[in-house]
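Engineer: Provide a 3D model corresponding to the input given below.
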Amino acid sequence: MDEIILKFFEGIRSPALTVVFGIFSTLGEGMIVSGIVILLYWLWGRAGEQLLFTAVSSAALNSVLKVTVARPRPYVKGVVERLDVDTPVFSTRELGDFLSFPSGHAQTSSAALVGSSLRLKKWWMWLLTIPLILLILCSRLYFGVHYPTDLLAGLALGVAVAVFWEIIFRYAYRSRHLIMLFFAAAVICFIPFFPEKDLLMTGGLLAGAAVFMPLTSLLRYEAPKWSWKRLLRIPIGGLVAGMVYLVFVFLPDNTGLYFLRWFLLVGAATLLANALFKLFRI
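Structural biologist: Residues are numbered from 1 along each chain as shown. Next up is the predicted model:
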């Protein structure tokens, strides 16, 4: 089944479809999804916090599974040829050849979109979510970088994580930080055995969420929903997070600093940013 489906997508490749599927594959990129999630966190209050928990824990779970399963990608095993694309925002070149299962694009996009739909509870959001997820999944088949089973597993896990945090925020809201701390401790245990960059990044993000989110909840200031001043959170939060990220660009690229970069980035985007929101009452 995997091979038949991959061969079908390989057979329909064309310059126009490469552009179209490139756009949808870009929308599923981890950094793009993370950027959207953090913006929603700054603007959306409690619902944004739920989405942040969903995205971070889903990404960490995906990284753990990728490094432990270590499934070769389709082009590595010669099932299909990879479509070579390299742009500033989307590339098929810098992929781990043995990090195929489960699909990060499928899991990240489904967790974020399903989580948003569950929280928003609007029918039109589901009309947007379902086709967008399907197109992101198809884009990974089109470029030959995942098996269909990678995508189905990623989709199932992303939906499961979104549903899990919806239940926690609805019925066990006060336990959310303790649960996140448990997840962070479990993921960090894998890092000494699999010090891959993806796992270091998501482990740092998860640890940062576990440490800084409880502190942030003590500082949280909610501007009135109708206030235009809430939009000022975007440049202020972006400036704070960007400064922390840039500091590490000039430091040596080693395992400890790479983990610390993402750990502190969460602190800047949550605790420090919210302290400034409260200071300026925005």
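Engineer: Can you verify my assumption that residue 116 contacts residue 125?
Structural biologist: Yes - with contacts counted by CB atoms under 8 Å, residue 116 reaches residue 125, the gap being 6.6 Å. Yep, even glycine has a C-beta here, placed from its N, CA and C like the rest.
Engineer: what pLDDT does residue 252 get?
Structural biologist: Per-residue confidence (pLDDT) for residue 252: 75.
Engineer: Just confirm it is within a strand.
Structural biologist: No - counting by DSSP: H, G, I helix; E, B strand; the rest coil, residue 252 falls outside a strand, being coil.
Engineer: State the distance from it to residue 258.
Structural biologist: Separation of residue 252 from residue 258 (CB to CB, to the nearest Å): 10 Å.
Engineer: who's more crowded, the two?
Structural biologist: In this view residue 252 and residue 258 are compared by other CB atoms under 10 Å, and residue 258 has more residues nearby, 19 against 8.
Engineer: What's the local residue count around the nearest residue to that one once chain neighbours are set aside?
Structural biologist: Once flanking residues are discounted, residue 258 sits nearest to residue 200: 5.0 Å by CB to CB, 6 or more residues apart in numbering. Counted by other CB under 10 Å, the residues lying close to residue 200 total 22.
Engineer: isn't residue 200 right up against residue 257?
Structural biologist: No - the criterion here is CB under 8 Å, and residue 200 misses it with residue 257 at 9.7 Å.
Engineer: and this protein, what are its domains?
Structural biologist: As assigned by automatic domain parsing, the chain contains the domains 1-34+68-171, 173-282.
Engineer: Quote the end-to-end distance of the first one.
Structural biologist: The stretch domain 1-34+68-171 measures 40 Å between its terminal residues, going by CA to CA, to the nearest Å.
Engineer: Then stretch 71-81?
Structural biologist: The first and final residues of stretch 71-81 sit 17 Å from each other (CA to CA).
Engineer: what sits up against it?
Structural biologist: For stretch 71-81, contacts defined as CB atoms under 8 Å, 6 or more residues apart in numbering pick out 2-3, 6-7, 9-10, 82, 95, 97-101, 144-147, 150.
Engineer: Any buried residues in it, and which?
Structural biologist: Residues of stretch 71-81 classed as buried: 71, 73-75, 79-80 (neighbour count, 16 or more other CB atoms under 10 Å).
Engineer: Return the distance of it from the chain's centre.
Structural biologist: Mean C-alpha position of stretch 71-81 versus that of the full chain (CA atoms, centre = their mean, to the nearest Å) differs by 24 Å.
Engineer: One more: stretch 244-253?
Structural biologist: The answer for stretch 244-253 is 21 Å, by CA atoms, centre = their mean.
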